[in-house]
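Chemist: Sequence unavailable; structure follows:
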């Protein structure tokens with residue numbers, strides 16, 4: 001690759017949208033990082049104009065704890081950003097072994113200084129995470145990748161079309177819900193990082209992004225182990241779910257961190273002085289177990305759906321229509337399908353479901369067992385709302401007709417909705433927003449108060465459009 005004024009040495013990263021190079025800036029003989037984005041698909045030139053405008057916002061940030069942007073330009077089919085080369089790694093590697101509290105406070109303070117500076121210039125970062133906290137060789141922390149930053153003082157389409165999501169593990173509740181963000185969003189993310197620096201664990205974990213996001217919205221602030229309980233009030237103020245209860249701004253953050261540092265460093269006696277060098281006795285597993293013990297008794301996040309009569313038939317009809325609209329059946333995801341079995345009831349004629357409910361010779365208990373088997377089997381095979389009269393929703397509905405208090409049926413509707421959460425999330429991650437919305441609509445018909453589906457719907461409705469999505473990908477490359 002040839003970029004005037006630079007000698008490209010080697011590729012150091014590659015993403016879906018951008019390639020990152022280590023290069024020499026010839027005029028100053030200094031190493032720089034070049035992030036280069038191909039603009040072949042920008043037929044109108046609109047992307048380039050917007051990219052340059054966004055780049056100037058980022059380049060305006062000059063601070064000792066923010067990675068320096070040297071130049072923004074274009075050549076041929078590429079636009080590029082030239083920035084400071086930082087060779088001390090990022091916080092991800094350092095966080096694995098946990099940090100002494102004094103060091104963690106020092107990092108929070110210096111990153112907080114960077115945020116204070118950016119916020120006063122009207123820029124919020126919105127993706128503060130360990131991978132975006134880099135270190136110079138002397139250990140100085142630097143905040144990087146303002147690639148999804150937003151100028152909240154500007155009144156332009158560039159920065160007012162909605163919210164780009166940051167990283168789910170570090171996302172503020174208001175980001176997760178698609179609400180307007182301000183500087184307190186960055187403060188929340190820094191609180192998550194503070195917890196992780198002290199414990200070596202993320203405060204909220206799950207086997208899907210939406211489960212992590214839901215915890216940011218609803219779960220209590222995590223509890224630190226007893227050895228670190230001195231910092232719990234500070235953590236509570238960093239990670240308050242209600243941002244009005246959170247530390248108000250980066251200036252207040254710096255004041256509180258400085259007070260904590262002075263308190264820790266000034267305390268006499270072994271219990272406080274050992275905070276500087278102690279190795280925490282809890283293993284990562286013990287930390288996780290402690291967190292699970294605290295959160296294990298939480299109430300279920302989703303109330304069970306209540307469906308009856310005509311509403312059930314309308315839901316089935318809508319489900320069939322939407323599945324046809326997206327021109328696909330729900331995927332079968334069994335890795336090791338079980339061999340076909342005969343339902344625990346003899347079929348006397350007609351479909352298994354019909355005979356289970358209507359067969360005059362079959363008593364209610366046998367019909368219930370048969371319908372439960374059919375419903376579970378359909379759910380296991382992802383036959384959620386199709387084909388007609390042979391799907392999980394149909395059989396659970398028939399169970400409720402037999403017994404409105406049937407707990408298996410109520411739990412079954414919840415399981416169907418949760419499966420639609422997974423399907424919608426998968427399509428959202430692939431940027432198949434129409435298909436994701438179809439699954440969300442189906443799921444909300446089954447369980448209207450499902451929080452995961454509501455959150456996904458909000459994410460689709462408030463997501464940034466193509467330009468800032470592209471910029472986010474660009475800055476995350478490498």
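Modeler: That came through, no problem. Remember, it's a predicted structure, so these values are computed and weren't measured experimentally. Residues are numbered from 1 along each chain as shown.

Chemist: Can you give me the distance of the nearest residue in space to residue 374 that is not next to it in sequence to residue 429?
Modeler: What sits nearest to residue 374 in space, not counting adjacent residues and going by C-beta to C-beta, 6 or more residues apart in numbering, is residue 395, at 4.6 Å. (Each C-beta comes from the backbone N, C-alpha and C, glycine too.) Per C-beta to C-beta, to the nearest Å, residue 395 is found 30 Å from residue 429.

Chemist: More neighbours: these two, which one.
Modeler: Just comparing residue 395 and residue 429: by other C-beta atoms under 10 Å the higher neighbour count belongs to residue 395, 27 against 12.

Chemist: Name the next helix or strand following the helix or strand the more buried one falls within along the chain.
Modeler: Secondary structure from DSSP states H and E places residue 395 in helix 392-402. Following helix 392-402 in sequence order, the next helix or strand is helix 407-429 (DSSP H and E).

Chemist: For that next one, buried residues please.
Modeler: Using 16 or more other C-beta atoms under 10 Å as the test for burial, helix 407-429 gives 408-410, 412-425, 427-428.

Chemist: Can you name the element that comes right after that helix?
Modeler: helix 433-446.

Chemist: How about that following helix, which residues are buried there?
Modeler: Within helix 433-446, the residues that count as buried by 16+ other C-beta under 10 Å are 435, 436, 437, 438, 439, 440, 441, 442, 443, 444, 445, 446.

Chemist: Stretch 72-83 too?
Modeler: Quick answer for stretch 72-83 (16+ other C-beta under 10 Å): 72, 78, 79, 80, 81, 82, 83.

Chemist: from memory the second one sits against residue 37, does it?
Modeler: Yes. With the criterion set as C-beta atoms under 8 Å, residue 78 and residue 37 qualify as a contacting pair; they are 6.5 Å apart.

Chemist: tell me the pLDDT at residue 267?
Modeler: At residue 267, the model reports a pLDDT of 63.

Chemist: just the one 3 residues further on next, same as before
Modeler: At residue 270 the predicted local confidence, pLDDT, stands at 39.

Chemist: now do residue 285
Modeler: 44.

Chemist: pLDDT weak spots in the stretch 351-478 of the chain?
Modeler: Scanning the stretch 351-478 of the chain for pLDDT under 70 picks out 351-363, 463-478.

Chemist: again with the stretch 201-350 of the chain
Modeler: 267-350.

Chemist: Of the buried residues of helix 433-446, which is the nearest to residue 404?
Modeler: Lowest distance from residue 404 to the buried residues of helix 433-446 (C-beta to C-beta) belongs to residue 446, with 16.7 Å.

Chemist: For the stretch 51-200 of the chain, just list every one of the strands.
Modeler: 69-75, 78-84, 123-124, 133-135, 141-143, 150-151 (DSSP state E, counting those that start in this stretch).

Chemist: Secondary structure element holding residue 11?
Modeler: Going by DSSP H and E, residue 11 is part of strand 6-14.

Chemist: Work out the sheet partners of that strand and label each with its direction, please.
Modeler: strand 18-25 (antiparallel) (DSSP bridges).

Chemist: Return the set of buried residues in the partner strand.
Modeler: 18, 19, 20, 21, 22, 23, 24, 25.

Chemist: and what of stretch 394-405?
Modeler: Using 16+ other C-beta under 10 Å as the test for burial, stretch 394-405 gives 394, 395, 396, 397, 398, 399, 400.

Chemist: repeat for stretch 175-193
Modeler: 175-178, 181-193.

Chemist: rewinding a little: output the buried residues of helix 433-446 as CSV; include the columns distance to residue 168.
Modeler: CSV is the format used below for the buried residues of helix 433-446 (distance: C-beta to C-beta, whole Å):
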residue, distance to residue 168
435, 21
436, 16
437, 20
438, 23
439, 19
440, 18
441, 23
442, 23
443, 20
444, 21
445, 26
446, 25
